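okay, predicted coordinates and the sequence, questions at the end:
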Amino acid sequence: MVKAKVWTLKNHFQGFPKASDFELKEVELPKLKDGEVLLASVFLSLDPYMRPYSQKSLKEGDKMMGSQVARIVESKNPTYHIGAFAVANGGWTTHFISDGKDLQLLPTPWPETLPISLALGTIGMPGLTAYFGLFEICRIKSGDILLVNSAAGAVGAVVGQLAKIGGCKVVGCAGSDKKVAYLKQIGFDEAFNYKTVGSLEEALRKASPSGYDCYFDNVGGEFSDIALRQMKKYGRIAVCGAISLYNDEELQKGPYVQVPMIYQELCMEGFIVSRWNNRREEGLKALLKWVVEGKIKYHEDVTEGFENMPAAFMGMLKGDNFGKAILKM
Ligand SMILES: NC(=O)C1=CN([C@@H]2O[C@H](COP(=O)(O)OP(=O)(O)OC[C@H]3O[C@@H](n4cnc5c(N)ncnc54)[C@H](OP(=O)(O)O)[C@@H]3O)[C@@H](O)[C@H]2O)C=CC1
Ligand SMILES: CCCCCC(=O)/C=C/[C@H]1[C@H](O)CC(=O)[C@@H]1CCCCCCC(=O)O
């Protein structure tokens, strides 16, 4: 009999999550039925969506949602062999049972030199978000000037590097000088710390006096109100995330988007990466190739110990993570 440790949502978050909103429980897992596999989490992913989606989809007492790279430790399913690694949506848990339908084996061959945790980041859901958001929503062309915020994060760092591969000039914003130095190191043309510039409006104008063709928005809110006013004619805006708003208790009223959108004839589109689930293999193959060739660099922020999952989650939400936030079991 396997006992799993599970982090649950004790109380729905009110504003920024607190340690007391989470509760660690122990759950006895049943015996495997035919077709099922038992998995042990190896790396857990920490993602911003967990904040808004837990509010939307979880009840108090439910297991926290999330994905992991997990090792198959017992199998009654011929497709999944003991010892293989899979990406799963098992939630915040040490062990779980799956019928195999939601499991994705790692792309093969997976180079020995690459950490398998990349399947949760650059060669996983965040990398795919960058890939499809950039090529399908921003529809980048060589010579375009692209702006991306949260640029040193899991999605943003891939966005900037893919845009460079596509021949764009890339401007990135991040929340610390260390992150900004990293952006320059991985090839961003311009990068600045949005927390320390006196005026975001002026910093954006200085980075690209002629404005922006494409804006990959991970942050939303006030940042976007300002960025939107510096778009070039026919600019394309990929609305990927709005992390600056996820902890708000009340809906914000803001400057409204219509006037700059009409004057500049902008195209602004929200998206969820699962729209391209039928092209997942294509995206992962391309990302894996660019990582192996050294054209996409990665940085992971690894917290050790399952007991630290809530702290790592709260840290990521406030920007402590330098690169993709991962927990190692
Ligand atoms: N539409 C889709 O399908 C998907 C959307 N997303 C979205 O993409 C965005 C980035 O996700 P991901 O790359 O995983 O996360 P990151 O690795 O970028 O981590 C989150 C980062 O957000 C930044 N941040 C936090 N609070 C604020 C704030 N108030 N203002 C500005 N920046 C803030 C911090 O960076 P800093 O230090 O720079 O402030 C922090 O490190 C999120 O909004 C997420 O919801 C992600 C995956 C799929
Ligand atoms: C206003 C909220 C915007 C959130 C944007 C975001 O980060 C989306 C992330 C999704 C990504 O595209 C693919 C995913 O796996 C993320 C969503 C996961 C949702 C799990 C929902 C489970 C449930 O509803 O039970």
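Okay, I see it. Please read all numbers here as calculations on a predicted model, not as lab measurements. Residues are numbered from 1 along each chain as shown. Ligands and ions are numbered 1, 2, ... in the order given.

for the residue nearest the centre of the chain, give its distance to G156.
Closest residue to the average C-alpha location of the chain: P126 at 4.1 Å, with CA atoms, centre = their mean. P126 sits 9 Å away from G156, going by CB to CB, to the nearest Å. Every C-beta, even on glycine, is put in place using the N, C-alpha and C of the backbone.

what does R275 give?
20 Å.

what of D320?
For D320, the distance to G156 - CB to CB - is 15 Å.

for the protein, which residues are neighbours of ligand 1?
Residues of the chain lying near ligand 1 by CB under 6 Å from any ligand atom: 47-49, 126, 129, 150, 152-156, 174-176, 179, 218-219, 240-244, 271-273, 316, 319, 321, 324-325.

try it again with 5 Å
When proximity is defined by CB under 5 Å from any ligand atom, the chain lies next to ligand 1 at 48-49, 126, 129, 150, 153-155, 174-175, 218-219, 240-241, 243-244, 272-273, 319, 321.

cross those against strands and list the overlap.
A174 (DSSP state E).

the residues of the chain next to ligand 1, buried ones only, as a ChimeraX selection?
Restricted to buried positions by 16 or more other CB atoms under 10 Å, the ChimeraX selection for these reads:
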select :48,126,129,150,153,154,155,174,175,218,219,240,241,243,244,273,319,321
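
in the stretch 51-200 of the chain, what residue is nearest ligand 2?
S57 (3.4 Å; CB to the nearest ligand atom).

how close does the residue lying closest to that residue once chain neighbours are set aside get to L120?
Leaving aside its chain neighbours, S57 sits nearest to M65 (7.1 Å; criterion: CB to CB, 6 or more residues apart in numbering). M65 sits 14 Å away from L120, going by CB to CB.

of these two, who's got more company?
Shown here are M65 and L120; by other CB atoms under 10 Å, L120 has more neighbours (28 against 17).

for the residue lying closest to M64 once chain neighbours are set aside, give me its contacts.
In space, and not counting its chain neighbours, M64 is closest to W92: 4.0 Å by CB to CB, 6+ apart. By CB atoms under 8 Å, 6 or more residues apart in numbering, the contact list for W92 reads 6-7, 44, 63-66, 309.

more neighbours: D320 and G156, which one.
Higher neighbour count among D320 and G156: G156, with 27 against 15, using other CB under 10 Å.

you'd agree that one is up against V148?
Yes: in this structure, G156 is within contact of V148 by CB atoms under 8 Å, at 5.1 Å.

tell me, what's touching the two both at once?
Taking CB under 8 Å, 6+ apart as the criterion, G156 and V148 both touch 172, 216, 218.

who in the stretch 1-150 of the chain is up against ligand 2?
49, 52-53, 57.

widest-spaced pair of those residues?
Greatest spatial distance among those (CB to CB): Y49 and S57, at 10.4 Å.

how near is K232 to ligand 2?
Per CB to the nearest ligand atom, to the nearest Å, K232 is found 26 Å from ligand 2.

Q264 now?
Looking at Q264 against ligand 2, where the rule is CB to the nearest ligand atom, the gap reads 25 Å.

tally of neighbours for that residue?
Q264 has 17 neighbouring residues, counting by other CB under 10 Å.

now do the same contact list for the residue in the stretch 51-200 of the chain that ligand 1 sits nearest to.
Per CB to the nearest ligand atom, G153 is where the stretch 51-200 of the chain lies closest to ligand 1, at 1.8 Å. Taking CB under 8 Å, 6+ apart, we find G153 in contact with 126, 174, 218, 321, 323-324.
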